[in-house]
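Q: need a 3D model of the sequence below.
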Amino acid sequence: MELPFADACVDVCYSSNVLEHVEEPWRMAEEMVRVTRPGGTVYLSWTLWYGPWGGHETAPWHYFGGAYARRRYRRRHGKEPKNKFGESLFALTVRDGLDWAGRQQHADVVAIRPRYNPWWSWWLLRVPLLRELVTWNLVIVLRRR
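A: Sure thing, here's the model as predicted:
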C-alpha cells in the first residue's frame, strides 16, 4: 500500500492477481500509478469475484456468498482456506475496475480486456451483468501522464 519508491521512478509497474487480496485495492492501484514515470506503463490484473474462480479454492460456493463458502470449506476440509474471504480475499468486480479506471486522474487507459477470454468475446465487457459472470480475470493497462 506504500511502495518504497520515489514518485515517478519506474518504467513499468506490474501486478497480477493481487488486487483481490488487499483490503484497499484502489489505494494499491493509485500507489502503482504514483511510482510510475510519465510515459510508463501500469499493468493490473485480478480474478473477478463473480467469475468461475472468484472464490479461489472455495469456488463455486462463493456464488452463495464469501462467508458461506469459507465456512463450507472449513467444514469440509477441517481447516481454513488459504484465501480467507473478508481477510485475504475480497469481492472485486469488472464494474469496480471500470469505475476506478474512469475516475483515476494521473494516467490514460490504454486497454481494458478480459485476460483469458478469446478476442472475439471481448465485447461482453460492455454487457453489465453478463461481463461479471463470463470474465475470469480483468486486465487494465494504463500509461502514466
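Q: most centrally placed residue in this protein?
A: Centroid-nearest residue in the chain, with C-alpha atoms, centre = their mean: Trp46, separated by 3.1 Å.
Q: with adjacent residues omitted, what lies nearest to it?
A: Leu19 (3.9 Å; C-beta to C-beta, 6 or more residues apart in numbering). C-beta coordinates here come from the backbone N, C-alpha and C atoms, glycine included.
Q: what's near enough to touch the one you found?
A: The contact partners of Leu19, taken as C-beta atoms under 8 Å, 6 or more residues apart in numbering, are Pro25, Met28, Ala29, Leu44, Trp46, Leu92.
Q: pretty sure the second one sits against Cys13.
A: No. Between Met28 and Cys13 no contact is recorded; they are 10.4 Å apart, counting by C-beta atoms under 8 Å.
Q: the two: which has the busier surroundings?
A: Set side by side, Met28 and Cys13 show more neighbours around Cys13, with 23 against 18, by other C-beta atoms under 10 Å.
Q: distance of the more buried one from Val141?
A: Using C-beta to C-beta, to the nearest Å, Cys13 is found at 11 Å from Val141.
Q: overlap of the contact sets of these two?
A: Shared contacts of Cys13 and Val141, counting by C-beta under 8 Å, 6+ apart, come down to Thr41, Val42, Tyr43.
Q: picking up where we left off before, wait, is the residue nearest to the centre of the chain part of a strand?
A: Yes. Remark: Trp46 belongs to a strand, assigned using DSSP: H, G, I helix; E, B strand; the rest coil.
Q: dump the residue contacts of it.
A: Here Trp46 is in contact with Ser15, Asn17, Val18, Leu19, Glu20, Pro25, Leu92, Gly97, Asn137, Leu138 (C-beta under 8 Å, 6+ apart).
Q: partner residues bridging it?
A: Leu138 (DSSP bridges).
Q: I'd say Asp11 and Val42 touch.
A: No. Here Asp11 does not reach Val42: they are 10.5 Å apart, not a contact under C-beta under 8 Å.
Q: run a quick neighbour tally on the closest residue to Leu130 other than its chain neighbours.
A: Nearest non-adjacent residue to Leu130, counting by C-beta to C-beta, 6+ apart: Leu124, 5.7 Å away. The number of residues packed near Leu124 is 16, by other C-beta under 10 Å.
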